[in-house]
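Asks: this one's structure only:
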Ligand SMILES: NC(=O)C1=CN([C@@H]2O[C@H](COP(=O)(O)OP(=O)(O)OC[C@H]3O[C@@H](n4cnc5c(N)ncnc54)[C@H](OP(=O)(O)O)[C@@H]3O)[C@@H](O)[C@H]2O)C=CC1
Ligand SMILES: O=C(CO)COP(=O)(O)O
């Protein structure tokens, strides 16, 4: 294991994923300050030394210091890891910029397109922190609960700067958490964003009782949607065959730890959208991303029929069964188009 005893990192967002990554980093010997917008949540973390709201019953390692004041959380940090939902990502960067004279080394583990603008998170970074010297995204098949429990996981750390990707991967890498590196930041972000929308589709199909064949078809044709958009926007084809592509797609479409899949399941079983969102009670990135992704695909003239149907169910009142029928009734065509 690398000797990281001198590294210090600030994690913004003490939800399930921010806390799980903070636990991993602390177990690796990194000094972690964990901040959240909700000061009472931070006080509760400190008091119980666990995150009873998002990861109940799993103790926080000693190396984690919950901090309520952002300025103190950021002072003398070597790295800042942003893990708030994509809807709060831009504000998080603005808050960092307001407090840090010299931009520190940035990492994010949020997955989604910015609600409202449809931008990738690296584009938000370029707008809010122009000329930022070092940034990377962490993505891949990784449920927070399993990482918090120390179960084996593999992810991708992507940065345009390969040396920075290596440095970030070294912080996270350990025998139970393999961090691979990539320079295809756009491809990695795209895979992590689109899979959330496709997991809603898989959940809908399963909720309707359409079976394993339909699920496998949705995953495979969903991957075709990721690859078509990726080819248009400049992602590398190989990225979509890797952890941040097919890896996360399969995980999220097939396991009920996924909040996006659970949203689809509930809709397929006849629950209302509002009731399903309420019952899940955590970030469901595919909800906003479905709308932004559908608009992005239309702007770039990329055919993404599964995405379009998920958007129709979530925003246009399309009944889940009609959405699946609309996909099945499409004209026959060659598979590899
Ligand atoms: N959970 C997982 O397994 C994984 C999650 N991710 C990604 O990580 C990101 C965070 O998700 P996750 O931790 O799971 O979500 P959770 O719902 O578990 O927690 C979200 C956290 O972010 C806070 N938050 C919500 N909105 C904002 C905002 N606008 N500004 C600042 N803070 C905010 C919440 O605070 P409050 O409690 O006050 O609402 C909470 O602390 C998402 O992009 C998700 O896709 C990626 C991989 C795995
Ligand atoms: O991104 C994730 C696993 O890699 C978590 O998926 P959900 O947000 O659907 O729970």
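Replies: Good, I have the coordinates. Bear in mind the structure is a predicted one, so any value in this text is a computation, not a measurement. Ligands and ions are numbered 1, 2, ... in the order given.

Asks: What residues does the stretch 1-150 of the chain have near ligand 2?
Replies: Listed as neighbours of ligand 2 in the stretch 1-150 of the chain under the rule Cβ under 6 Å from any ligand atom: 111, 141, 142, 143. C-beta here means a position set from N, CA and C on the backbone, and glycine is covered the same way.

Asks: For the second one, give me its contacts.
Replies: Under the criterion of Cβ atoms under 8 Å, 6 or more residues apart in numbering, the contact list for residue 141 reads 153, 154, 155, 243, 247, 248, 250, 251, 252.

Asks: still on that earlier bit, among the residues of the stretch 1-150 of the chain next to ligand 2, which one has the most neighbours?
Replies: residue 111 (31 neighbours; other Cβ atoms under 10 Å).

Asks: pLDDT weak spots in this structure?
Replies: Judged by pLDDT under 70, the chain has its weakly predicted residues at 1-5, 337.

Asks: Point me to the residue of it nearest ligand 1.
Replies: Using Cβ to the nearest ligand atom, the closest approach of the chain to ligand 1 is made by residue 15 at 1.8 Å.

Asks: Give me the spatial nearest neighbour of that residue, chain neighbours excluded.
Replies: residue 54 (5.4 Å; Cβ to Cβ, 6 or more residues apart in numbering).

Asks: Tabulate the contacts of residue 141 in TSV, adding columns for secondary structure and distance to ligand 1.
Replies: Converted to TSV, the contacts of residue 141 look like this (DSSP: H, G, I helix; E, B strand; the rest coil; distance: Cβ to the nearest ligand atom, whole Å):
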residue	secondary structure	distance to ligand 1
153	strand	10
154	strand	13
155	strand	9
243	helix	12
247	helix	12
248	helix	8
250	helix	14
251	helix	9
252	helix	9
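
Asks: Same list (these) but as CSV, adding neighbour count.
Replies: Below are the contacts of residue 141 laid out as CSV (neighbours: other Cβ atoms under 10 Å):
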residue, neighbour count
153, 21
154, 16
155, 26
243, 24
247, 21
248, 27
250, 17
251, 21
252, 27
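
Asks: nearest to residue 103, of those?
Replies: residue 155 (24.0 Å; Cβ to Cβ).

Asks: circling back: which two among the residues of the stretch 1-150 of the chain next to ligand 2 are spaced furthest apart?
Replies: Going by Cβ to Cβ, the pair spanning those furthest: 111 and 143, at 12.3 Å.
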